[in-house]
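**Student:** Got a predicted model here, sequence first, then my questions.
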Amino acid sequence: MKKLFILSILFSFVFISCNNEPEPEPEEIRAYCYLYHFIPDLEDVLWEVDDHGLPEAQDYAVQFAGSVLLETASEEISFTVKHSGTNEVLISQFFQLEKNKYYNVIVRGSKEDPALLFREIETTHPESGKVKFQLLHSLAGQNSIDLYMGGSTPDKKAVSDLAYLSLSDPFEVADYDARAAMVVTAHTEEYNQDSVLLSSIYNEMIVTGANYLSVFAPHTFYPTDSLLTFWLYDLPLD
């Protein structure tokens, strides 16, 4: 049975042999996963990884980070998401994990029709003076979107025509553009102020050389909450 260990919880075990010399420990084979819950109407969900449940429920929009112990360098692992109140299985799927690689695993959609997104994280460093992003569109009822960074001219369009529930390919932008302004619009061939859905300016939290997952989604799990948020999560780099 595999186990997902939350990285913020550290366990330390020391095994001593009868002659007081440490026994050699077998090399652990691990893959690393970042879990996200973006299902409206559900305050939290329960995760199981190969039938081993995480120790606590995951709140909406919270990132869980952990590692999966593998038996071989490449192994098929099941990920199951359950309703935290009824323990009903919402969705369960197998994914191929590989040793020392990093993955995003995102449950999104609706509680009636949930979907799991599984994607290996690109951990190469961005070019000097740039920031790496991936964008997930998770706003129900909204057709495809565009993302502008640092302005509204065509050269500032970082993502174009991203469909609902889709995750963009990784892209890089100049750090000063990302800090200056990030604007999400309904998809149009040319920038249209009337199509703006969300804008964020003076983004001082953006770090040069960082790797981020960004999610365009409601601010809370309440479907009637009209406030939108550009969620930002740190991802690993080599």
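**Tutor:** All right, it came through fine.
**Student:** what about Gln93, which SS state?
**Tutor:** strand (DSSP: H, G, I helix; E, B strand; the rest coil).
**Student:** residues near it, how many?
**Tutor:** By other Cβ atoms under 10 Å, the residues close to Gln93 number 15. (Glycine included, C-beta is placed from N, CA and C.)
**Student:** So which residue is dead centre in this structure?
**Tutor:** Asn104 (4.9 Å; Cα atoms, centre = their mean).
**Student:** Wait, that one touches Leu213, no?
**Tutor:** Yes. The criterion here is Cβ atoms under 8 Å, and Asn104 meets it with Leu213 at 6.2 Å.
**Student:** Any chance you could list residues touching both of the two?
**Tutor:** Tyr34, Tyr36, Gln134, Leu235 (Cβ atoms under 8 Å, 6 or more residues apart in numbering).
**Student:** How far off centre is the host helix or strand of the first one?
**Tutor:** To tie it back to what came earlier, the one meant is Tyr34. Using DSSP states H and E, Tyr34 maps to strand 29-38. Relative to its chain's centre, strand 29-38 lies at 8 Å (Cα atoms, centre = their mean, to the nearest Å).
**Student:** same thing with stretch 45-57?
**Tutor:** Using Cα atoms, centre = their mean, the offset of stretch 45-57 from its chain centre is 17 Å.
**Student:** Could you give me the buried positions within stretch 40-48?
**Tutor:** For stretch 40-48, the neighbour count (16 or more other Cβ atoms under 10 Å) marks Pro40, Leu42, Asp44, Val45, Leu46, Trp47, Glu48 as buried.
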